[in-house]
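Novice: structure for this input, please:
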Amino acid sequence: MKPTLQDVIYLDPPPTAKPKDSAPGALLIFFITGNPGLIAFYGPFLDRLQSLLCDEEGLVGGSRCYTYGASLAGHMARDEMHEITDDKFSDDIWGTSGNADDEGKVLQSKASAVVIKQADASRDLHMRRPTTKLYFYWGKNDHWVADNTRDTILAARAQKATDEPMLEKSKPVMEIDRNGIPHGFCLQRVHSNLVAEKVANWIKEIRTNHVSYQRDAL
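Specialist: Residues are numbered from 1 along each chain as shown. This next block holds a predicted model:
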């Protein structure tokens with residue numbers, strides 16, 4: 001799916017899919033389907049998501065809210081299946097650039113306390129800058145993702161309780177489902193509602209952190 005998803009950003013949506021009265025600060029939610037790939041299956045999920053985020057006038061914290069979705073069909077050739085083995089995404093994607101260990105090696109060669117202080121300030125600024133925030137909601141015993149693959153990614157990339165809270169906060173939030181939700185959650189309204197509640201909370205968290213960053217930058 002990666003080659004397909006990578007090219008989606010270059011698509012020009014039709015005029016009917018563009019907000020006519022969007023203003024600065026508007027919340028735009030663009031949903032790309034998984035499996036099944038037809039957007040028609042996700043109506044209950046998107047309706048519930050918007051109801052959790054917006055008030056009766058379609059506003060979120062005074063800003064207009066728009067929700068869009070697109071059907072997506074993806075496939076991979078045999079060669080791609082052999083090539084896609086290990087994680088090749090950069091640390092910037094995973095929120096782990098500016099690793100404390102790498103900076104520590106640089107600081108060891110510096111004897112000046114002033115340099116150390118400047119490096120600490122630079123790292124703090126780097127960790128507070130707005131970055132893409134990833135959230136993963138893994139299925140339990142999901143036939144589409146092997147448990148050992150899931151657990152390996154969790155161990156390598158997920159947030160953990162460590163002594164570096166700023167570094168960990170930039171890493172992806174990963175959670176394994178405990179509600180018995182199947183991979184095709186959109187096929188039943190009860191599962192659609194549960195996933196919508198998860199996604200709504202994540203979006204609210206992103207907005208809160210973004211507002212906090214803007215306030216700190218002033």
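Novice: what's downstream of the lowest-mean-pLDDT helix or strand in the chain, the next helix or strand?
Specialist: When each helix and strand of the chain is scored by mean pLDDT, DSSP states H and E, helix 2-8 comes last, with a mean of 39. Where DSSP states H and E defines the elements, the next helix or strand beyond helix 2-8 is strand 27-32.
Novice: just the CA coordinates for that following strand, please, in PDB.
Specialist: Extracted in PDB, the C-alpha atoms of strand 27-32 (Å, rounded to 0.1, in the frame of the first residue of the first chain):
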ATOM      1  CA  LEU A  27     -10.400  21.400  11.100                       C
ATOM      2  CA  LEU A  28     -10.000  19.300   8.000                       C
ATOM      3  CA  ILE A  29     -10.300  15.500   8.400                       C
ATOM      4  CA  PHE A  30      -9.400  13.500   5.300                       C
ATOM      5  CA  PHE A  31     -10.000   9.800   5.700                       C
ATOM      6  CA  ILE A  32      -8.400   7.200   3.500                       C
END
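Novice: tell me the helices and strands packed up against that strand.
Specialist: For strand 27-32, the elements it packs on are helix 43-53, strand 63-70, helix 189-217, judged by 3 or more Cβ pairs under 8 Å, 6 or more residues apart in numbering; DSSP states H and E. Glycine gets a C-beta too; all of them are placed from N, C-alpha and C.
Novice: the second one vs helix 189-217, what angle?
Specialist: Yep, that's strand 63-70 we're talking about. If you take axes from the mean of the first three to the mean of the last three Cα atoms, to 10 degrees, strand 63-70 sits at 130 degrees to helix 189-217.
Novice: what do you get for the first one?
Specialist: Here helix 43-53 runs at 40 degrees with respect to helix 189-217, directions being taken by the same axes, to 10 degrees.
Novice: report the buried residues of helix 43-53.
Specialist: For helix 43-53, the neighbour count (16 or more other Cβ atoms under 10 Å) marks 44, 45, 46, 48, 49, 50, 53 as buried.
Novice: which of those lies closest to residue 203?
Specialist: residue 53 (6.3 Å; Cβ to Cβ).
Novice: any idea how far residue 174 is from the closest one?
Specialist: Using Cβ to Cβ, to the nearest Å, residue 53 is found at 22 Å from residue 174.
Novice: can you list the low-confidence ranges for the protein?
Specialist: Residues of the chain meeting the criterion pLDDT under 70: 1-25, 56-63, 75-81, 83-89, 95-131, 162-168, 210-218.
Novice: neighbours around residue 180, how many?
Specialist: 10 (other Cβ atoms under 10 Å).
Novice: which ones are touching it?
Specialist: Neighbouring residues of residue 180 by Cβ atoms under 8 Å, 6 or more residues apart in numbering: residue 140.
Novice: residues contacting residue 30?
Specialist: For residue 30, the contacting residues are 68, 69, 70, by Cβ under 8 Å, 6+ apart.
Novice: repeat the analysis, applying 7 Å as the threshold.
Specialist: Neighbour list for residue 30: residue 68 [criterion: Cβ atoms under 7 Å, 6 or more residues apart in numbering].
Novice: likewise residue 186?
Specialist: Residue 186 makes contact with 41, 42, 45, 192, according to Cβ under 7 Å, 6+ apart.
Novice: turn these into JSON lines, including distance to residue 159.
Specialist: Shown next, in JSON lines, are the contacts of residue 186 (distance: Cβ to Cβ, whole Å):
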{"residue": "41", "distance to residue 159": "31"}
{"residue": "42", "distance to residue 159": "28"}
{"residue": "45", "distance to residue 159": "25"}
{"residue": "192", "distance to residue 159": "26"}
